[in-house]
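Asks: can't give you the sequence, but here's the structure:
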């Protein structure tokens, strides 16, 4: 039997304020209270004959899978592949989001340093940052400086937020 109430589920027991939804024959009810992207320990994406798909940019699973496929086809050695495909943890708190934004900067810098990968990253419509990869060569240094500056500001903010979040 399914139970529903306003808000989110915190228990598998039926609280007194829950109601049973009225259903019609042939109706389908989907319980969306589960955390779809739980925190799992990251593992190397490429490990001999095994590929473990994971987010390479937070909340971008489809792009991450396409990047892993491209890296698998374009690079020969798993060590180089794993340097380009570092898993990114899914953010579930505001502090996690700050960490995730810092990691995006790291990835953009790493990926843009590889001319072949940079060229590929300028093409997929799935990549939120593809326009950064299309910057003319003479402006690359400016973009790199901007990414470093943003990363520094985010790290500064994180340094102030983490101690406060630990108290909560």
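Replies: Ah, there it is. Given the structure is predicted, the values throughout are model-derived calculations rather than measurements.
Asks: in stretch 148-168, what's buried?
Replies: Residues of stretch 148-168 classed as buried by neighbour count (16 or more other Cβ atoms under 10 Å): 151, 154. All C-beta spots, glycine's among them, are computed from the backbone N, C-alpha and C.
Asks: what sits up against it?
Replies: Contacts to stretch 148-168, defined as Cβ atoms under 8 Å, 6 or more residues apart in numbering, come from residues 93, 94, 95, 98, 99, 101, 102, 105, 106, 109.
Asks: need the buried ones from those residues selected in ChimeraX.
Replies: Of the contacts of stretch 148-168, the buried ones can be selected in ChimeraX as follows, counting by 16+ other Cβ under 10 Å:
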select :95,98,99,101,102,105
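Asks: redo the contacts of stretch 148-168 as CSV? Include distance to residue 158 and secondary structure.
Replies: Listed next are those as CSV, based on distance: Cβ to Cβ, whole Å; DSSP: H, G, I helix; E, B strand; the rest coil:
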residue, distance to residue 158, secondary structure
93, 12, coil
94, 10, helix
95, 7, helix
98, 5, helix
99, 7, helix
101, 9, helix
102, 7, helix
105, 12, helix
106, 13, helix
109, 18, helix
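Asks: dump the contacts of stretch 148-168 to CSV, plus distance to residue 80.
Replies: Output for those, formatted as CSV (distance: Cβ to Cβ, whole Å):
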residue, distance to residue 80
93, 33
94, 34
95, 32
98, 29
99, 25
101, 26
102, 23
105, 21
106, 17
109, 16
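Asks: kindly provide the distance from the residue nearest the centre of the chain to residue 23.
Replies: Geometric centre of the chain, nearest residue: residue 58, 1.0 Å, by Cα atoms, centre = their mean. Distance of residue 58 to residue 23, given as Cβ to Cβ, to the nearest Å: 37 Å.
Asks: repeat that for residue 46.
Replies: Distance, residue 46 to residue 23, by Cβ to Cβ: 46 Å.
Asks: give me the more crowded residue out of the two.
Replies: Higher neighbour count among residue 46 and residue 23: residue 46, with 20 against 10, using other Cβ atoms under 10 Å.
Asks: didn't that one look like it was pressed against residue 69?
Replies: No: with contacts counted by Cβ atoms under 8 Å, residue 46 stays clear of residue 69, the gap being 11.4 Å.
Asks: rounded mean pLDDT for stretch 71-83, please.
Replies: Across stretch 71-83, pLDDT averages out at 96.
Asks: contacts for it, please.
Replies: For stretch 71-83, contacts defined as Cβ under 8 Å, 6+ apart pick out 44, 45, 46, 47, 48, 51, 84, 85, 110, 116, 117, 120.
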